[in-house]
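[1] coords please:
(chains A and B)
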There are 2 protein chains.
Amino acid sequence: MNPVIELLNNHRSIRKFKDEALDKETVRTLVTAAQSASTSSYVQAYSIMGVTDKDKKAALREISTQPYVEHNGHLFVFLIDYNRHVELSKDKGEPIAFDKTEQLIVGTVDAALAAQNLAVAAESMELGICYIGSLRNDMARVIEILELPKGVVPLFGMVAGHPDHSGSKKERLPFEAVYHENTYQPVGELKDVIDDYDARISDYYSDRTEGRRRDTWSDQVIGMLGQKQRLDVDGVVKGQGFLGQ
Amino acid sequence: MNPVIELLNNHRSIRKFKDEALDKETVRTLVTAAQSASTSSYVQAYSIMGVTDKDKKAALREISTQPYVEHNGHLFVFLIDYNRHVELSKDKGEPIAFDKTEQLIVGTVDAALAAQNLAVAAESMELGICYIGSLRNDMARVIEILELPKGVVPLFGMVAGHPDHSGSKKERLPFEAVYHENTYQPVGELKDVIDDYDARISDYYSDRTEGRRRDTWSDQVIGMLGQKQRLDVDGVVKGQGFLGQ
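    Down below sits the predicted model:
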């Protein structure tokens, strides 16, 4: 296994950082690595917002509820961005459209590929990162705080910084449950594999909480997906000009 | 700049491969690295399909129109996957829902983070890759070819293999046009930066085509976004159970 693959396989989320802001050069290095990722048809339908303003960070922390959204080396917010293309198209007098599912997918994929490159670059510099999906707890408020124009959707955040704990690696689903070859294999045919995985995850939580928590992976994700969270995302995304009829 | 960041910054798409299939161990190494990426709330809402079957590859090539979809070291298709969660929830008698924009975003982000880790892992092994967004030219047909159940959406493909050309790096938008700090900066305030970039891209195309092609980045992406491509994606995604009312 080469050192890059070792780095990737060793990923763990970091949720506590030393009180040391990333300098401008580091931020530029990280963003440049992010931009080097592939982009759908060269469209580059994303932007990255760095948030250093204390009031804005505090307001975003309220949405996320996670203290590390406020206390970190740097806070990035990844945006789908077609505002850029709309503005340029006005100069050229050629109208563009981004209101279909295709463009939501393109923007989300572009932003996510860039983000993952940024994460890998940060970890290669011995920084830690954590994705902040919880900004979608109130996407409308994020738009307000960051004053985002139409054509822009805040997808998720990422905090980066010098780690102040070691984090712990969470075992992923077994290879067989994620990788299919030529034909989709329903999870029902992998009952033993999933049961074993669930048992290991339950042990993991139990070990970390002195037995107070014992839920399996299946319990956890099914419970979460049963809750119908973030129903407002749909309306906010449409309000920004996406997913029209 | 450390070697990992150098690797990331050196990315270029590879569109011609030596006739040498990736072995099973390499595929497992790549998929394992993919799985190590972050996943939203641990939900792991994606699957990866390897396609080695010759007829299926030929059929997917027809959709994409790109010869390298058929001729490569390995073809991966990245899927949003909630079928797994639906099946497991049936066993537990707790219904789940994935029909809102939030779950489409989660699945798309999860799949893209995994894909980008796979891309980085492949490039670290001196393999080349190219994303295949053009599978969305006919998503319904991809679903048919790969026999994908409800809850599963084929987002994009990726080919990997031993490069048979060196590829060329395409310059990204200037840092200033993608990275904002605290406040969103409209592209209109960066006219000179974009004009310079457009001039460089025009030169890049001109150099590669002996002057036959001279379009700027702005021309290219505005032309593309004006075309209203892939209008069927919306209906197919809904047909797989996503984006309900």
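
[2] list the contacts for A:R28?
    With contacts defined as Cβ atoms under 8 Å, 6 or more residues apart in numbering or on different chains, the neighbours of A:R28 are B:175, B:179. Every residue, glycine included, has its C-beta placed from N, CA and C.

[3] burial measure for the residue lying closest to A:V109 once chain neighbours are set aside, as a count.
    Residue nearest to A:V109 in three dimensions, not counting chain neighbours: B:A112, with 4.7 Å by Cβ to Cβ, 6 or more residues apart in numbering or on different chains. For B:A112, the count of nearby residues is 29 (other Cβ atoms under 10 Å in any protein chain shown).

[4] now do the helix or strand harbouring B:A112, average pLDDT.
    With secondary structure defined by DSSP states H and E, B:A112 is part of helix B:101-124. Per-residue pLDDT values across helix B:101-124 average out to 98.

[5] likewise stretch A:162-169?
    The average of the pLDDT scores along stretch A:162-169 is 94.

[6] give me the residue ranges of chain A where confidence is low.
    Counting by pLDDT under 70, chain A contains no low-confidence range.

[7] how is it partitioned into domains?
    For chain A, the structural domains run A:3-168+A:229-239, A:175-214, going by automatic domain parsing.

[8] measure stretch A:116-133 end to end?
    Taking Cα to Cα, to the nearest Å, the span from the opening residue of stretch A:116-133 to its closing residue is 14 Å.

[9] buried set for that stretch?
    By neighbour count, and taking 16 or more other Cβ atoms under 10 Å in any protein chain shown as the criterion, the buried residues in stretch A:116-133 are A:116-125, A:127-133.

[10] the longest strand anywhere in chain A - contacts with which helices or strands?
    In chain A, ranked by residue count with DSSP state E as the criterion, the top strand is strand A:152-161. Helices and strands in packing contact with strand A:152-161 are listed as strand A:74-81, helix A:101-124, strand A:128-132, helix A:139-145, helix B:101-124; criterion 3 or more Cβ pairs under 8 Å, 6 or more residues apart in numbering or on different chains; DSSP states H and E.

[11] C-alpha coordinates for it, PDB please?
    Only the C-alpha atoms of strand A:152-161 are listed here, as PDB (Å, rounded to 0.1, in the frame of the first residue of the first chain):
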ATOM      1  CA  VAL A 152     -26.000  29.600  -5.300                       C
ATOM      2  CA  VAL A 153     -26.800  26.900  -2.700                       C
ATOM      3  CA  PRO A 154     -24.700  26.200   0.400                       C
ATOM      4  CA  LEU A 155     -24.300  22.400   0.300                       C
ATOM      5  CA  PHE A 156     -22.100  21.700   3.400                       C
ATOM      6  CA  GLY A 157     -19.200  23.100   5.400                       C
ATOM      7  CA  MET A 158     -15.800  21.700   6.300                       C
ATOM      8  CA  VAL A 159     -13.700  22.700   9.200                       C
ATOM      9  CA  ALA A 160      -9.900  22.300   9.000                       C
ATOM     10  CA  GLY A 161      -7.200  22.900  11.500                       C
END
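
[12] is stretch A:131-151 anywhere near chain B?
    Yes: interface with chain B: stretch A:131-151 contributes A:131, A:133, A:136, A:146-149 (Cβ under 8 Å from any Cβ of the partner chain).

[13] just the buried subset of those, please.
    Looks like the residues of stretch A:131-151 next to chain B have A:131, A:133, A:136, A:146, A:148 buried, using 16+ other Cβ under 10 Å.

[14] quick one: which of those residues is nearest to A:S13?
    Closest approach between those and A:S13, by Cβ to Cβ: A:Y131, at 7.3 Å.

[15] surely that closest one and B:S41 touch.
    No: using Cβ atoms under 8 Å, A:Y131 makes no contact with B:S41, being 9.9 Å away.

[16] by how many degrees do the helix holding B:A112 and strand A:74-81 diverge?
    Using axes from the mean of the first three to the mean of the last three Cα atoms, to 10 degrees, the inter-axis angle of helix B:101-124 relative to strand A:74-81 is 110 degrees.

[17] and helix B:101-124 with strand A:152-161, angle?
    When the same axes, to 10 degrees is applied, the directions of helix B:101-124 and strand A:152-161 differ by 50 degrees.

[18] mind checking how far helix B:101-124 is from the chain centre?
    Centre-to-centre, helix B:101-124 and its host chain are 8 Å apart (Cα atoms, centre = their mean, to the nearest Å).

[19] next one: stretch A:194-208
    Chain-centre distance of stretch A:194-208: 25 Å, with Cα atoms, centre = their mean.

[20] which outside residues touch it?
    Where contact means Cβ under 8 Å, 6+ apart, the residues beyond stretch A:194-208 that reach it are A:168, A:170-171, A:173-174, A:177, A:187, A:213-220, B:88.

[21] in those, find the pair that's most separated.
    Checking those with Cβ to Cβ, the most distant pair is A:S168 and A:V187, at 25.8 Å.

[22] let me know the outermost residue of chain A.
    Among residues of chain A, the one most distant from the C-alpha centroid is A:G93; the distance is 34.9 Å, by Cα atoms, centre = their mean.

[23] could you measure from that residue over to A:A58?
    Here the criterion is Cβ to Cβ, to the nearest Å. By it, A:G93 lies 43 Å from A:A58.

[24] sorry, back to before: Serialize the helices and strands packed on strand A:152-161 to CSV and add fields for distance to A:N182.
    Shown next, in CSV, are the helices and strands packed on strand A:152-161 (distance: least, Cβ to Cβ, whole Å):
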stretch, distance to A:N182
strand A:74-81, 33
helix A:101-124, 24
strand A:128-132, 32
helix A:139-145, 38
helix B:101-124, 18
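
[25] how about those, which one is nearest B:V233?
    The closest of the helices and strands packed on strand A:152-161 to B:V233 is helix A:101-124. By Cβ to Cβ, the value is 4.4 Å.
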